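# Quick check, what structure comes out for this input:
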Amino acid sequence: MASLIPGFEYDIFISYRQKDNKGDMWVSEFVEALKTELESTFKEEISVYFDINPHDGLLETHDVDESLKEKLKCLIFIPIISRTYCDPKSFAWEHEFKAFIEQASKDQYGLKVKLPGGNVVNRVLPIQIHELDSDDKKMVEDELGGHLRGIEFIYKSSGINRPLLPKEENPQDNLNHTNYRDQINKVANAVKEIIAAIQHYSPQKAEVSQEATKTITKPRKNNKTTIFISSIIVLVLIILGILFVPKLIKPTKELEKSIAVLPFIDDSPDENNAHIINGLMDEILIKLQKIKDFNVISRNSVEQYRGEDRPSTTEIARKLDVNYIVEGSGQKYGENLRLRVQLIVISKRKERHLWGKVYEKKITKSEDYFDIQSNVAESIAQELNAVITPDEKKKIEKIPTTNLEAYDLILKVTNSYGPQKPVGDIEPSLELILKAIELDPSYADAYALAGVINLFSGVYAGTRSMSAAIVDAYDYFLKALELDSDNSNAHFGIGLINQWGKWDYIKAENEYLMAFESGQKYLDDNWCYSAMCDFYYHMNQMDKALLFEKMRSDIKDVSYYSIINKCLNGEKEEAQILLNKISSEMIKEGSFLLLADYYYWIEKYDSARYCYESAINSNDPLMSVPRSKASLALSYYKTNNSSKAKVIVSQLKNLSMEAGAGSPDFFLGVYYSGIGETDSAFYWLDKAYKNRSPEFHTLKIDPKFNSLKNDPRYWDLYERTGHKAYDDYLASKKNN
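Numbering: from 1, shown residues only. Here you go, the predicted structure:
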């Protein structure tokens, strides 16, 4: 999306240091709040550049992204001024803050613009989140050429100097007496004021001084010399015109490099080769994702357009909100591969072929596949003038395995397996992966995939012992990281194990974030985003849960966590209104278990029971797991059907944790807590603790535990299962 002013890339550029967005993700939250406020402040759409993974660290370790210079062509520069921002060694300070000041000082408006009332305002709009040391403040003011007049988001009291939060627990103790919502409004109003000044900008006509127009008497030059010099000048101007004028008259506005890689069409005579063509599409998409200059749509978003009967390219681009489409088709016959790939640009609802190539190759080794994938990604980057850093190039050209047969086996697994696939697909997939590992013991992706399959078989599918599945998965993930320290699947899997099996939520969060920083390569992007939502939801950080939920492509008008958030804020009537918008559609789709969770939160137990019974009638296999059984029993008890509840509780008591997914001991504790039988609840929860139940991460937020929170035994269990350690960790981060 372009700037309001022609010739500029963005209206606003947000600059910050990465360390100021870790933990509570203060900067991300600020940007979302500002965008919402701008929508109600401006009639027009305001474009904001905000990089969620910015450069950071020492300058000598970085290659400066040349495309950043274009992105800095903005009307307003908003730096998040913290205690760490004012650092000559930081990328943000040197290549964003100082670079913008230098660049803006030379453009047609200048760094400072005059307001309609005559006052002058700086196009740098600082957002100050800490009280600064005098040296740091002087650094900022020296660059700005005047006093630091930022909008403050600072919570200051005795011994405290931290960013102001949207929901302050003790706002009356803030010596600055600022309100987050009011400060956001001030920022939006300041933005409006600066943009209005730029839009009404009128350069003053230069006055020609009399001194400059005085006739100056000079010695008369020889005419031949004058003619010769004039001829040379004219000739030079003609040459310069030929070389540069065509470039000058080209449109200066560059389209955002947003790309969707559509599922490739398989034209192979043998349908058993479909996994190869799908694998090529998948790997090309992943390699494009590794280029920071691109915004590549996830696999899940494009999967709906598989097949030749999909909508037109222009229509798909409009629905996905992208400017470029990559299409492809391929044939694999014997050892030979033919792949056709083309890049299409969509502009003003018209499509235009931009680049295309046919690759024909005899496949004799795995590197033959990887060469094609890398060539496609780098050719597209070159066509769109995208900058590929040395680190990105290294990742794009990386060869994960030199064994062709092992690679083919992994392609078969990733083509056929996913969280939505039938449970029966898991064990055959694991056999293929183990065979690939046998063929190439150094294949990191294969080990990571083995870990993922083990986790799903024990935790979700219930086809094997949960504890054994977690132990096996952990070993596979560790081996994958030993071979490839950046393996995102392995980092994500270790995050899950620390959340479920080790109750180390600090380590879990760090591993999750490392997985995303390593570059996405997941079986199911939406599932990974959902797992992040689930983690932050159970850690009672709903703002972060909602941020990750926005990244999912399968969310419709109303999201799960938006309803839960309403309930947590005591707005159950508003939650009911949101639920009414989607309940009929969810019933049509058969999403009864999810719908039952909604009804539990808003305390509509009759509706929850109806959903559980509907799930049973539709033969939902998840109704056999302990969690669903305990919830059904509780819904019967809450609707005066205690006899039915007792039957299910009796079944749960006869189950073993090793029998399948979920811990019956833990969910018996959930049931007894839900009906108010405290001693029985703690009896079963203590058994679950001894059996290392993976569900204890739900202890903090699940409303079924509310009846236990006045009992010291609850808080003892809370501490033993890692929750207090994580709370202390968050508190220390806020104080620092």
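
# what does the strand or helix carrying residue 380 contact?
Per DSSP states H and E: residue 380 is located in helix 366-383. Contacts to helix 366-383, defined as Cβ atoms under 8 Å, 6 or more residues apart in numbering, come from residues 259, 279-280, 283-284, 287-288, 291, 293-294, 326, 337, 339, 341, 343, 354-355, 357, 359, 361-363, 386, 388, 393, 396-404, 406-407. All C-beta atoms are positioned from the backbone trio N, CA, C, and that covers glycine.

# With stretch 151-170 instead?
By Cβ under 8 Å, 6+ apart, the residues outside stretch 151-170 that reach it are 24, 26, 29-30, 33, 82, 125-131, 173-176, 178, 180-181, 183, 186-187, 190, 543, 734-736.

# and these, which are buried?
Buried residues within those, counting neighbours by 16 or more other Cβ atoms under 10 Å: 24, 26, 29-30, 33, 82, 125-130, 174, 178, 180, 183, 187, 190, 543.

# give me the number of residues near residue 317?
When neighbours are defined as other Cβ atoms under 10 Å, residue 317 has 23 of them.

# Would you mark the buried spots in the helix holding residue 380?
366, 369, 370, 372, 373, 374, 375, 376, 377, 378, 380, 381.

# and what of stretch 312-329?
Result for stretch 312-329 [16+ other Cβ under 10 Å]: buried residues 313, 316, 317, 320, 322, 323, 324, 325, 326, 327, 328, 329.

# and which of the residues you listed is nearest residue 589?
The closest of the buried residues of stretch 312-329 to residue 589 turns out to be residue 320 (Cβ to Cβ; 21.9 Å).

# could you list every residue that touches the closest one?
260, 297, 301, 302.

# any idea how far residue 277 is from it?
Computed as Cβ to Cβ, to the nearest Å, the residue 320 to residue 277 distance reads 21 Å.

# what residue ranges in the stretch 351-500 of the chain score low on pLDDT?
Across the stretch 351-500 of the chain, the ranges flagged by pLDDT under 70 are 417-426, 458-467.

# ok, now with 50
Within the stretch 351-500 of the chain, the stretches with pLDDT under 50 are 418-424.

# For it, which segments count as helices?
Taking DSSP state H, counting those that start in this stretch to define them, one finds helices in the stretch 351-500 of the chain at 366-383, 390-396, 404-416, 426-439, 444-455, 466-483, 488-497.

# shouldn't residue 477 be in contact with residue 451?
Yes: using Cβ atoms under 8 Å, residue 477 makes contact with residue 451 at a distance of 4.3 Å.

# Which neighbours do the two have in common?
Among the neighbours of residue 477, those also in contact with residue 451 (Cβ under 8 Å, 6+ apart) are 489, 490, 493.

# domains for the protein, by residue range?
Using automatic domain parsing, the domain parsing of the chain gives 10-199, 221-249, 258-399, 405-497, 562-624, 636-736.

# want to try CSV for those domains, with distance to residue 515 as columns?
Converted to CSV, those look like this (distance: least, Cβ to Cβ, whole Å):
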stretch, distance to residue 515
domain 10-199, 13
domain 221-249, 43
domain 258-399, 13
domain 405-497, 4
domain 562-624, 24
domain 636-736, 18
